[in-house]
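1. Give the three-dimensional model of this entry:
(chains A and B, ligands or ions: 3)
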Amino acid sequence: MTITLKVNDLAVSAEVAPRTHLADFLREDLLLTGTHIGCEHGVCGACTVLLDGEPVRSCITLAATCAGRDVKSIEGLERDPVMAALREAFSAEHALQCGYCTPGMLVTARDIVLRLPDADEDRIRLELAGNLCRCTGYNGIVRAIRRVLSHRPEVTAPSLPPVTRGTFRQFSLDDAAAPPAAQISAKFTGDGLHETLSIALPPEQVWVALRDPALIASCLPGATITSRDGDRIRGEMLTSLGPIQARFKGDATLTYDDMARTGRIAGSGRDTASGTRMQAEATFRLVGNGPAASTVEIDLTYALKGPLAQLGRGPIVRVFAAELAAMVARNLEARLRGEETPGAGAALHAGGLISHVAWRWLRDLLSRFHVR
Amino acid sequence: MKPAVFSLEQPVSVAQLMQSGEGRIVAGGQSLGPMLNFRVAQPSHVISIAQIREFSLVEETEDAVIIGACVTHAAIADGRVPDIGKGILPAIAQGIAYRAVRNRGTIGGSLCHADPAADWLCTMTALGAAVLTLRPDGGRTIPLTTFVLGPFRNALQPGEIVQAVRVPKASPEARWGYYKACRKPGEFAHAMAAVFLDPARDIHRAVIGAVGGAPIVLEGSDVRIESAERALLQSGLDEIGRIMQLAALRRAMEQAA
Ligand SMILES: Cc1cc2nc3c(=O)[nH]c(=O)nc-3n(C[C@H](O)[C@H](O)[C@H](O)COP(=O)(O)OP(=O)(O)OC[C@H]3O[C@@H](n4cnc5c(N)ncnc54)[C@H](O)[C@@H]3O)c2cc1C
Ligand code: FES
Ligand code: FES
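-> Numbering: from 1, shown residues only, chains lettered A, B, ... in the order given. Ligands and ions are numbered 1, 2, ... in the order given. Sure thing, here's the model as predicted:
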């Protein structure tokens, strides 16, 4: 798409792909390489530029959404009086070494000087929390900003208007919007979880079923077995959580001890789109409770490495794993009783855990991998 | 890092939005942006709503402030939006992320994203806020307690969008406390708790955020440490995490005492 905007006081008209973020647009298309890219997820502040006069992260701002707006990168602030004072102060106070953080640091520093003329050292440090510098230890940067604040050039801070008043259309209350939360039955252990399943069937029958990898896979939402060679299984697992989607491909090894009625599945997989790696191991133990009842004890441990682990913090992943475990448990129980597993499907759909499409896809799969 | 290819639509009015196709909404892009860059989200179509005028308004009624979904954290922090009393809203907004993120990030985006450690999610739940939605055939008012299903999951249906957040005003004698534990200011909290006591409106509520699922809500006589301890067992937190949460709750309760 073509966009027209102002960059460093010049009108620019350019062709951009919707996915191009503002930092790449400035650097790659306009060759304004003063804007640096560090983390590309909003954390480090190296890419901070001005959009309509306000500092923003250019790495998480789509260039296409800046059409008609006014962008200023470090190059466009050469003649800005506050920036001139900051440049001098940064140099005098040794506020930079390698210079990687400096363009973003200067844009933030300028914002502090203009917006918070009375900032003391604590406030300056607080405001700088979003700009990482791995060289200077910040002391020089804080001193430089204090220096400029104490001899502030004659400039008026931009004043932002109050938010415009209006009225909203209001509709009736729906306080039953959420389906009941997925019941987590697992207990959290140090690095995983423990799930107990009670099944009203004789242990012999349950063991035969547990020895069937296709059956187990069919109980794991989004999972499919793509090939099988003895105890080695190749497969895929599609998961989605809100906007997040991942398709893990990998393999697993199954081992059984028929005497002890225990087993172990260990595998690892990778989501190629994000490069996230997952490792998981489940051990299970079947115990008979009289002739017509069994208990399956499952211990699951897993490790997630890469972008998904970074965005989905530990507790989120744990609850997600526990919800999956609860579904597997429910599905397994239903399948062992010879029932189809529509209940699980409904829960998946209602909870939005796995998209409807994925569920349909899973059902297609189920029909292919029949339980013997 | 590059997001996967997607097409983009930028409606400028609700009328235009209602005509647009199905796609992933982006408001400030401060949560979706990182997910796109990391390719953990790969929508094929994206609809930017940041420039829809109707979503950037604010309305003050006798008993509530209604904040448009696309009003930014910075606008609230600066007091450019009417307060609900006690300076509560600016104080919360000021503690979210960093100025450059607050300049883009929106209150509606934050609630829809439903990150368990999000400041608005925890505090708006404590304040008894509700989202006003919009869909082609009307809309709904959904209290936050039922709006959030879990991490990154909300009760919106396809084609439904949040247009605003309705926050009830606090009585003059209301008491309020909010504490979050971060290693560094502006990062997502490791533990957070909000306490809101408004006896005149019969509200005694504590909310614990930064858990593995939807925020934990404690009401009435359950606003105490023992109830929190029990509720935290299913939160996906390890023991240290739970101890931190209890400390955050104690401090929020002290502030509100
Ligand atoms: C470095 C960094 C630190 C941060 N620290 C914190 C913090 O300490 N505390 C905190 O609370 N937040 C923090 N955030 C998140 C920030 O507050 C985001 O702005 C906010 O969570 C999402 O708002 P957004 O407008 O950017 O949403 P977007 O990223 O645009 O959207 C987020 C999600 O919500 C959906 N969505 C958005 N608006 C609507 C709507 N109106 N209707 C329906 N769906 C919608 C989108 O489809 C998307 O899935 C941080 C972000 C960054 C980058
Ligand atoms: S590169 Fe944009 S914040 Fe790090
Ligand atoms: S000067 Fe090297 S990162 Fe700041």
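
2. Low-confidence ranges, chain B, go.
-> Applying pLDDT under 70 to chain B flags the ranges B:1.

3. how about a cut-off of 90?
-> B:1-2, B:21, B:150, B:186-188, B:234-236, B:238 (pLDDT under 90).

4. quick one, helices of it?
-> When secondary structure is read from DSSP state H, chain B shows helices at B:14-19, B:32-38, B:73-77, B:88-94, B:99-102, B:107-113, B:119-127, B:144-147, B:225-232, B:239-256.

5. Which one of those helices lies nearest to residue A:273?
-> helix B:32-38 (9.0 Å; C-beta to C-beta). Glycine gets a C-beta too; all of them are placed from N, C-alpha and C.

6. and that closest one, what does it pack onto?
-> Judged by 3 or more C-beta pairs under 8 Å, 6 or more residues apart in numbering or on different chains; DSSP states H and E, helix B:32-38 is in contact with helix A:307-311, strand B:24-26.

7. got TSV for these, with distance to ligand 3 and mean neighbour count too?
-> Below are those laid out as TSV (distance: least, C-beta to the nearest ligand atom, whole Å; neighbours: other C-beta atoms under 10 Å in any protein chain shown):
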stretch	distance to ligand 3	mean neighbour count
helix A:307-311	21	20
strand B:24-26	30	21
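
8. check whether stretch A:161-172 contacts chain B.
-> Yes - judged by C-beta under 8 Å from any C-beta of the partner chain, stretch A:161-172 comes into contact with chain B at A:161, A:162, A:163, A:164, A:165, A:166, A:167, A:168, A:169, A:170, A:171, A:172.

9. I'd guessed residue B:135 sits against residue B:162; true?
-> No - if you go by C-beta atoms under 8 Å, residue B:135 and residue B:162 don't touch, sitting 10.6 Å apart.

10. OK, contacts around residue B:89?
-> B:65, B:76, B:81, B:83, B:167 (C-beta atoms under 8 Å, 6 or more residues apart in numbering or on different chains).

11. what's the answer for residue A:148, then?
-> Per C-beta under 8 Å, 6+ apart, neighbours of residue A:148: A:82, A:85, A:86, A:89, A:109, A:113.

12. Assign it to helix, strand or coil.
-> Following DSSP: H, G, I helix; E, B strand; the rest coil, residue A:148 is assigned to helix.

13. Assign a three-state SS to residue A:35, would you?
-> Assignment for residue A:35 (three-state DSSP): coil.

14. host element of residue A:250?
-> Take DSSP states H and E as the rule and residue A:250 turns out to sit in strand A:244-257.

15. Next secondary structure element downstream of that strand?
-> Criterion used, DSSP H and E; the element after strand A:244-257 is strand A:262-271.

16. what's the angle from that following strand to strand A:244-257?
-> 150 degrees (axes from the mean of the first three to the mean of the last three C-alpha atoms, to 10 degrees).

17. chain center to strand A:262-271: distance?
-> 23 Å (C-alpha atoms, centre = their mean, to the nearest Å).

18. Residue A:272: which of the helices and strands packed on helix B:32-38 is closest?
-> helix A:307-311 (12.0 Å).

19. quick one: the strands in the stretch 151-257 of chain B?
-> B:153-154, B:161-168, B:175-181, B:191-198, B:203-209, B:216-219 (DSSP state E, counting those that start in this stretch).

20. Kindly report the residues of the stretch 201-350 of chain A close to chain B.
-> Selection of the stretch 201-350 of chain A residues close to chain B by C-beta under 8 Å from any C-beta yields A:241-246, A:271, A:273-274, A:276, A:307-308, A:310-320, A:322-323.

21. Can you pick out the residue with more neighbours from residue B:135 and residue B:162?
-> residue B:162 (27 against 16; other C-beta atoms under 10 Å in any protein chain shown).

22. Could you double-check that residue B:23 sits in contact with residue B:10?
-> No - counting by C-beta under 8 Å, residue B:23 sits too far from residue B:10 to count as a contact (11.3 Å).

23. what residues are shared contacts of these two?
-> Joint contacts of residue B:23 and residue B:10 (C-beta under 8 Å, 6+ apart) are residue B:47.

24. Which residues lie in contact with the residue of the stretch 151-300 of chain A found nearest ligand 1 in this structure?
-> Residue nearest to ligand 1 within the stretch 151-300 of chain A: residue A:243 (4.2 Å; C-beta to the nearest ligand atom). Listed by C-beta under 8 Å, 6+ apart, the contact set of residue A:243 reads B:24, B:32, B:35, B:41, B:43, B:152.

25. Now whichever residue of the stretch 201-350 of chain A sits closest to ligand 2: closest residue in space that isn't a chain neighbour?
-> Ligand 2 sits closest to residue A:310 of the stretch 201-350 of chain A, with a gap of 13.3 Å, by C-beta to the nearest ligand atom. Nearest residue to residue A:310, sequence neighbours excluded (C-beta to C-beta, 6 or more residues apart in numbering or on different chains): residue B:38, at 7.7 Å.

26. What of residue B:17?
-> residue B:11 (4.3 Å).

27. what's around that neighbour, how many residues?
-> Around residue B:11 there are 16 residues (other C-beta under 10 Å).

28. what does residue B:157 give?
-> 11.

29. measure it to residue B:133 for me?
-> If you measure residue B:157 against residue B:133 using C-beta to C-beta, to the nearest Å, the figure is 9 Å.

30. who in chain B is up against ligand 1?
-> Contacts of chain B with ligand 1, taken as C-beta under 6 Å from any ligand atom, map to B:24-32, B:34, B:49, B:69, B:73, B:96-97, B:101, B:105-106, B:108-110, B:112-113, B:115, B:118-120, B:156, B:161-162, B:186-188.

31. Let me fix that, I meant to ask about chain A.
-> A:42, A:43, A:243.

32. How about the contacts made by the first one?
-> The one in question is residue A:42. Neighbouring residues of residue A:42 by C-beta under 8 Å, 6+ apart: A:57, A:59, A:60, B:30, B:33, B:34, B:97, B:101.

33. I am finished for the moment; much appreciated.
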